[in-house]
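Here is the input, now give the coordinates:
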Amino acid sequence: MVGLFAQIEAFLLTFLLGMIAGLIFHYYQSTIHNLRIGRYILYLMDFILWIIMIIVIAAALFLINQGEIRVYVFIALVAGGAVYYKCLAQYMQRPILSLGRATVFMFQAIFSGLAKPIVFAGTWLRAQWQKCKRPPPIDDDTSDD
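Presented below is the predicted three-dimensional model:
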């Protein structure tokens, strides 16, 4: 009966993993909503999120049940995400929204802090380039007194 208890434990841990994945998707949706980014950046961010989620879930499944993929693993993942969205998402809405806003504020502050020196350097380089493009001043030393 050790096999049955191991499978029940793996199911419950995978169910919890599905709930955590639902929480991560909820946070991601809140952050994206607050960012108000363009369509193509959104596609890129969605792709990156899916790659990260695949890696995280695969690593967790490797720890939970040595990476064995069975039907109940998929059922537990989907059920965990569904239970999160159906039962817990409404209670987590405010904290997730606040966390999403804080994340957007942090990224904007970091981007602003990194952009200012780059803009300054670009302006300085443009000014230097304009100085080089000007012809040198003409000296009027041609008069013979």
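
Distance check, residue 110 against residue 56.
Applying C-beta to C-beta, to the nearest Å, the value for residue 110 to residue 56 is 23 Å. (Each C-beta comes from the backbone N, C-alpha and C, glycine too.)

again with residue 121
38 Å.

Could you check which of the two has the larger neighbour count?
residue 56 (14 against 10; other C-beta atoms under 10 Å).

Looking at that one now. What's its pLDDT?
Reported pLDDT at residue 56 in the predicted model: 91.

Who are the contact partners of it?
residue 21 (C-beta atoms under 8 Å, 6 or more residues apart in numbering).

what's the helix or strand for it?
Here residue 56 sits within helix 39-65, counting by DSSP states H and E.

so how far is that helix off the chain centroid?
Here helix 39-65 is found 10 Å from its chain centre; the criterion is C-alpha atoms, centre = their mean, to the nearest Å.

Return the set of buried residues in that helix.
Residues of helix 39-65 classed as buried by neighbour count (16 or more other C-beta atoms under 10 Å): 57, 60-61, 64-65.

Then stretch 102-116?
Within stretch 102-116, the residues that qualify as buried are 103-104, counting by 16+ other C-beta under 10 Å.

which of the buried residues of helix 39-65 lies closest to residue 15?
Taking C-beta to C-beta as the measure, residue 15 lies nearest residue 64 of those, at 10.4 Å.

Next up, the contacts around the closest one.
Residue 64 neighbours (C-beta under 8 Å, 6+ apart): 10, 13-14, 17.

again, but for residue 33
Contact analysis of residue 33 by C-beta under 8 Å, 6+ apart lists residue 100.
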